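**Student:** Need coordinates for the below:
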Amino acid sequence: MRAVLQRVTRASVSVEGEVTGAIDRPGLLALVGVTHDDGAEQVDTMARKISELRILRDERSVLDEGAPVLVVSQFTLYADTRKGRRPSWNNAAPGPVADHGIVTLLLGLAAFAMEVFALVDALRHRPDAFVAAGKRTKQFWSIILGVAVLVGFVSVGSGLLFSIGLIAVVGAAIYLADVRPALRQVSGRGGSQHMGPYGPW
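**Tutor:** Numbering: from 1, shown residues only. Now for the predicted structure:
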């Protein structure tokens with residue numbers, strides 16, 4: 001698996017005049033090529049490299065910034081021009097194989113980014129906010145999400161994404177869908193009132 005990464009302020013992909021993918025804020029455009037023997041190990045390595053490479057402003061990574069990534073399948077990265085005047089595409093994986101690799105890469109990136117975002121968000125809230133929101137404790141969620149990030153890091157891009165890795169995704173999803181809105185409410189960022197354990201304050 002090969003990739004060319006480009007820092008962008010925005011980017012889009014159009015097919016026959018129809019936009020099929022786009023990002024509208026600073027992030028990365030990733031042109032990704034897949035070859036015949038690419039598997040879980042190669043997808044895992046590429047997902048980690050794209051998410052952790054410090055090439056954004058101020059030497060920050062996609063994970064640091066929560067930046068979007070537009071992934072585009074690009075078979076020409078496996079062009080062989082060593083002989084003759086016409087490039088050979090024999091090293092590029094056929095469409096179905098390449099599509100599967102790209103989809104797996106996207107799922108791995110999205111899942112891992114969600115887990116890291118949830119953990120960082122939980123660590124930013126004060127301990128009393130969790131109690132006031134009736135959502136257990138900060139320590140509880142820090143442990144749950146810390147384990148989720150660890151499991152996600154190990155399983156990103158691999159077959160474990162649909163077994164053990166799925167548990168990590170579910171943990172992060174519960175936090176983001178249920179706990180985070182409640183914390184924002186009691187912190188005054190999700191509504192007009194501060195809520196304590198005994199009502200508004």
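**Student:** List the buried residues in the longest helix along the chain.
**Tutor:** Ranked by residue count, the top helix of the chain under DSSP state H comes out as helix 95-124. Along helix 95-124, these residues count as buried under the neighbour rule (16 or more other CB atoms under 10 Å): 98, 101-102, 104-109, 111-119, 121-122. For glycine as for every other residue, the C-beta is placed from the backbone atoms N, C-alpha and C.
**Student:** likewise stretch 14-30?
**Tutor:** Of the residues in stretch 14-30, those buried by neighbour count under the rule 16+ other CB under 10 Å are 23, 27-30.
**Student:** in the chain, which spans are strands?
**Tutor:** Using DSSP state E, the strands assigned to the chain run over residues 2-8, 11-15, 18-23, 27-33, 69-73, 195-196, 199-200.
**Student:** Residue 87 is nearest to which of these?
**Tutor:** When those are compared for distance to residue 87 using CB to CB, the nearest one is strand 27-33, at 12.8 Å.
**Student:** residues contacting the closest residue to residue 114 other than its chain neighbours?
**Tutor:** Leaving aside its chain neighbours, residue 114 sits nearest to residue 172 (5.0 Å; criterion: CB to CB, 6 or more residues apart in numbering). The contact partners of residue 172, taken as CB atoms under 8 Å, 6 or more residues apart in numbering, are 111, 114-115, 117-119, 145, 148, 152.
**Student:** and if you look at residue 113?
**Tutor:** By CB under 8 Å, 6+ apart, the contact set of residue 113 is 51, 62-63, 66.
**Student:** how close does residue 143 get to residue 60?
**Tutor:** With the distance defined as CB to CB, to the nearest Å, residue 143 ends up 27 Å from residue 60.
**Student:** For residue 164, the count of nearby residues, please.
**Tutor:** By the other CB atoms under 10 Å criterion, the neighbourhood of residue 164 contains 14 residues.
**Student:** now the one 5 residues further on
**Tutor:** Counted by other CB under 10 Å, the residues lying close to residue 169 total 22.
**Student:** rewinding a little: could you dump the strands of the chain into CSV with distance to residue 138 and mean pLDDT added?
**Tutor:** Putting the strands of the chain into CSV (distance: least, CB to CB, whole Å; pLDDT from 0 to 100) gives the following:
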stretch, distance to residue 138, mean pLDDT
strand 2-8, 35, 95
strand 11-15, 37, 93
strand 18-23, 32, 91
strand 27-33, 30, 94
strand 69-73, 30, 92
strand 195-196, 16, 48
strand 199-200, 21, 47
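**Student:** how about the ones you listed, which one is nearest residue 133?
**Tutor:** So among these, strand 195-196 is nearest, using CB to CB, at 7.1 Å.
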